[in-house]
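>>> prediction below, plus the sequence it came from.
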Amino acid sequence: PDLITGKRVRAHSGSDPGSDEPPVLYRYSWNETRQRFRRQLIATGVGTGLQIRAKDINGDGKIDLVTAGKDGTQVLLQR
């Protein structure tokens, strides 16, 4: 029911509108009552590419995120 997405860093070699804006990562949660998604900011300064993985990386029972893009690979551990 959730989507994870964000702004790609230098998407299409920087020719997209907003390509110079800071990267961000968002979570979209579906609200059944309102029949729409609610956006929640996960992180600023963290861009995404075409690969996002959600998995418990450190074994603490919480889902963590790994994303790779033109700005490098980012690991976000949930606390």
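That came through fine.
>>> what is the neighbour count of R34?
R34 sits with 8 neighbouring residues when counted by other Cβ atoms under 10 Å. In short, each C-beta sits where N, CA and C put it, glycine included.
>>> and if you look at E32?
E32 has 7 nearby residues by other Cβ under 10 Å.
>>> quick one, phi psi at it?
phi -60, psi -40 (degrees, to the nearest 10).
>>> likewise the one 4 residues further on?
Reported as degrees, to the nearest 10, the phi and psi values for R36 are phi -160, psi 170.
>>> with A11 instead?
Backbone torsions of A11, given as degrees, to the nearest 10, read phi -60, psi 140.
>>> relative to A54, how far out is the nearest residue to G49 once chain neighbours are set aside?
Nearest residue to G49, sequence neighbours excluded (Cβ to Cβ, 6 or more residues apart in numbering): G69, at 3.2 Å. Remark: distance between G69 and A54 (Cβ to Cβ, to the nearest Å) = 16 Å.
>>> settle it for me: which of those two has more neighbours?
Set G69 next to A54 and count neighbours by other Cβ under 10 Å: G69 wins out with 21 against 14.
>>> which stretches of this protein form strands?
2-6, 24-31, 36-44, 51-55, 64-69, 72-76 (DSSP state E).
>>> shouldn't A11 be in contact with S19?
Yes. Taking contacts as Cβ atoms under 8 Å, A11 lies within contact range of S19: 6.2 Å.
>>> show me which of these two is the more surrounded one.
More neighbours surround A11 than the other of A11 and S19, with 18 against 14 (other Cβ under 10 Å).
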